[in-house]
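Student: sharing a model prediction with you, sequence too.
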Amino acid sequence: MECQKEKNLENCPCTYPGCPRKGICCECVKHHRENGELPGCYFNSETEKSYDRSIEKFIEDQKK
């Protein structure tokens, strides 16, 4: 399957400046899984801006 980076960028909620994986979802998921985290697209827009990608933060975010 060919990466659709440009199309993915249209909906990518990541606000981390200079992220080399922005729009490349498979690399983003792999990176965050290796670090025990979730990608920014799992969080609401306010929480995403905190750059806290922890599973604990995700659970906290879902309780709101």
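Tutor: Yep, that arrived.
Student: could you dump the helix or strand harbouring Val29 to CSV, C-alpha only?
Tutor: Per DSSP states H and E: Val29 is located in helix 25-34. Extracted C-alpha coordinates of helix 25-34, given in CSV (Å, rounded to 0.1, in the frame of the first residue of the first chain):
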residue,chain,number,x,y,z
CYS,A,25,0.6,7.4,10.2
CYS,A,26,2.3,3.9,10.2
GLU,A,27,5.6,5.5,11.3
CYS,A,28,3.9,7.7,13.9
VAL,A,29,2.0,4.7,15.4
LYS,A,30,5.2,2.6,15.4
HIS,A,31,7.2,5.5,17.1
HIS,A,32,4.7,6.0,19.9
ARG,A,33,4.1,2.3,20.5
GLU,A,34,7.9,1.8,20.9
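Student: what's in contact with that helix?
Tutor: Identification of contacts with helix 25-34 by CB atoms under 8 Å, 6 or more residues apart in numbering yields Cys3, Asn8, Cys14, Cys19, Arg21, Lys22, Leu38, Pro39, Arg53. Just so you know, the C-beta spots here come from the backbone N, C-alpha and C atoms, and that holds for glycine as well.
Student: what subset of these is buried?
Tutor: Asn8, Cys14, Arg21, Lys22, Leu38, Pro39, Arg53 (16 or more other CB atoms under 10 Å).
Student: contacting residues for the fifth one?
Tutor: So that's Leu38. Leu38 neighbours (CB under 8 Å, 6+ apart): His32, Arg53, Ser54, Ile55, Phe58.
Student: and with 7 Å instead?
Tutor: His32, Arg53, Ile55, Phe58 (CB atoms under 7 Å, 6 or more residues apart in numbering).
Student: what about Cys28, how many neighbours?
Tutor: 20 (other CB atoms under 10 Å).
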